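> Could you work out the structure for the sequence below:
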Amino acid sequence: MAAQRSIVICGGAFAGLALALALRQGLGADIPVIVADPALAVRPSRDPRSTAIVAACRRLFEALGVWDQVSDSQPILDMVVTDSKLEDATRPVFLTFAGEVEPGEPFAHMVENRRLIDALVARAEAEGIDLRATAVSTYDSRPDGVTVTLADGNVIEASLLVAADGARSKLRERAGIATHGWDYDQSGIVVTVGHERDHHGRAEEHFLPAGPFAILPLTGKRSSLVWTENRAEAARITALGEAEFHDELEKRFGLHLGEIKALDKPRAFPLGYFVARSFIAERLALVGDAAHVIHPIAGQGLNMGLKDVAALAEVVVDAARLGIDPGQADVLDRYQRWRRFDTMAMGLATNSLNFLFSNESTLLRTVRDIGLGLVDRAPPLKNLFIRQAAGLSGEVPRLLKGEAL
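A predicted model of the protein is given here:
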């Protein structure tokens, strides 16, 4: 029967591995789950970045049995938002957030990517998921199934193919799915910084004219920076020598945590916004960056992808339990209806925030500072924003509530 054929996931990063675990949890071993990605050959992971995992996505990882492996990650206990020019002597705080969505539950944790990837891979192996360190070369979809050809020559008959292969998704391109969006002519500089004093779990978002400068707490006296500049300036800054880079960093970071030092080489990533015109095609579903890329101003990129994972896993498992082929059109359409509007709304919100805060306009600065001050004095509105940021508003898939499939 078509419903008993494999599900193939192209992409072995957060989204692909989390989806594989969710499907194995909900479907059992009757439907083989295969993850194909050449990067799976690299053990352990070498990804030097860190990511903010919001409360809903932490619940997902708990439900999948991997959060215990990264349980010493750094909780974000509170957050402050400032708005100033680079040369301003002081940075007044306009908005503060307490860091809990429920008593004892922080709204986010900072996790080192390599540790979470390694925990996902280890769990997938323990669950008997078929991990293949090769790429999906091509596929041929039909109304009754999809034939997937891997780069190593193996051919798999599947009921569903999932594109979790990133922003430059080859599967999305092969399906002829267009994207709409734009380039920001900005880059995000990412670097880990050590400092003398303890951050006490505080995250800081400094809105500077070039864009947000986010200081995100890591374990120990370390922080992860996501620093937005226009593209040419970002290229200049990342090409500087160690001493010159330190001077640029100190101008923005300040000395409130004592002396600082870059602990790794800064890297710049181009920033843009795009959403796929469709999240599905015949026997194909897009998740994560293959479906959408948004500005990091609200720290929601990866978390949006994990929401895709939770929604797709739920509709596939629900269908399979009813004896319905999980790759058929009406099942995938339910996934798209669940996720595409929310993605568009979040993308437009982050785009608007980027426009509002990444500019030199004195008028806009005055308007946004008044707005931030009003929000800071309205606890119900702040609580609404915290729950939205934590991924707990709207129609929440079961996994994001911490419920097993």
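> got a list of what the closest residue to residue 340 other than its chain neighbours touches?
Sequence neighbours aside, residue 279 is the residue nearest to residue 340 in space, at 5.5 Å (criterion: C-beta to C-beta, 6 or more residues apart in numbering). No exception for glycine: its C-beta is placed from N, CA and C like everyone else's. Residue 279 makes contact with 285-287, 291, 308, 335-336, 339-340 under the criterion C-beta atoms under 8 Å, 6 or more residues apart in numbering.
> Mind telling me which residue is nearest the centre of the protein?
With distances taken as C-alpha atoms, centre = their mean, the residue of the chain nearest its centroid is residue 302 (0.6 Å).
> Can you tell me how far it is from residue 256?
In this structure, residue 302 and residue 256 are 28 Å apart, going by C-beta to C-beta, to the nearest Å.
> again with residue 132
48 Å.
> same check, this time on residue 317
From residue 317 to residue 256 the distance is 48 Å (C-beta to C-beta).
> Counting neighbours, go ahead and name the busier of those two.
Neighbours per residue, other C-beta atoms under 10 Å: of residue 317 and residue 256, the larger number sits with residue 317, 21 against 12.
> tell me the contacts of the more buried one?
22-23, 26-27, 326, 405.
> and of the residues you listed, the nearest to residue 48?
Set against residue 48, the nearest of those by C-beta to C-beta is residue 22 (26.7 Å).
> could you measure that closest one against residue 314, distance?
8 Å.
> Overlap of the contact sets of those two?
399, 405.
> what about these two, which has more around it?
residue 22 (27 against 21).
> Now that one: which helix or strand?
Residue 22 belongs to helix 14-27 when elements are defined using DSSP states H and E.
> in the longest helix seen in the chain, what's buried?
Longest helix of the chain, by residue count under DSSP state H: helix 329-357. Under the neighbour-count criterion of 16 or more other C-beta atoms under 10 Å, helix 329-357 has 331-332, 334-336, 338-340, 342-343, 346-347, 349-351, 353-354, 356-357 buried.
> what's the answer for stretch 39-57, then?
Quick answer for stretch 39-57 (16+ other C-beta under 10 Å): 39-40, 45, 47-57.
> Could you point out which of those residues is nearest to residue 169?
residue 39 (14.5 Å).
> Report pLDDT for the closest residue to the closest one other than its chain neighbours.
Closest residue to residue 39 apart from its sequence neighbours, by C-beta to C-beta, 6+ apart: residue 12 at 5.7 Å. At residue 12, the model reports a pLDDT of 96.
> Then residue 208?
For residue 208, the predicted pLDDT is 85.
> For it, list the residues it contacts.
So residue 208 contacts 84-86, 252 (C-beta under 8 Å, 6+ apart).
> Next, check those against the helices and list the overlap.
Using DSSP H, the contacts of residue 208 in helices are residue 252.
> Please identify which pair of the contacts of residue 208 lies farthest apart.
Across these (C-beta to C-beta), the longest gap, 11.3 Å, separates 85 and 252.
> what separates the helix or strand containing residue 162 from the chain centre, distance-wise?
In this structure, residue 162 sits in strand 155-163 according to DSSP H and E. In terms of C-alpha atoms, centre = their mean, to the nearest Å, the centre of strand 155-163 is set 24 Å apart from its chain centre.
> Now tell me what touches whatever helix or strand comes next after that strand from outside.
Once strand 155-163 ends, the next helix or strand along the chain (criterion: DSSP H and E) is helix 170-174. With contacts defined as C-beta under 8 Å, 6+ apart, helix 170-174 is touched by 10, 136, 138-139, 161, 163, 165, 179, 276, 284, 286, 290-291.
> Just those: which are in strands?
Counting by DSSP state E, the part of the contacts of helix 170-174 found in strands is 10, 136, 138-139, 161, 163, 179, 276, 284, 286.
> who wins for neighbours among these?
residue 163 (32 neighbours).
> you'd agree that residue is up against residue 169?
Yes. Under the criterion of C-beta atoms under 8 Å, residue 163 makes contact with residue 169 at 5.1 Å.
> Show me where the stretch 101-250 of the chain has its helices.
Along the stretch 101-250 of the chain, the segments classed as helices by DSSP state H, counting those that start in this stretch run 113-126, 170-174, 231-238, 242-253.
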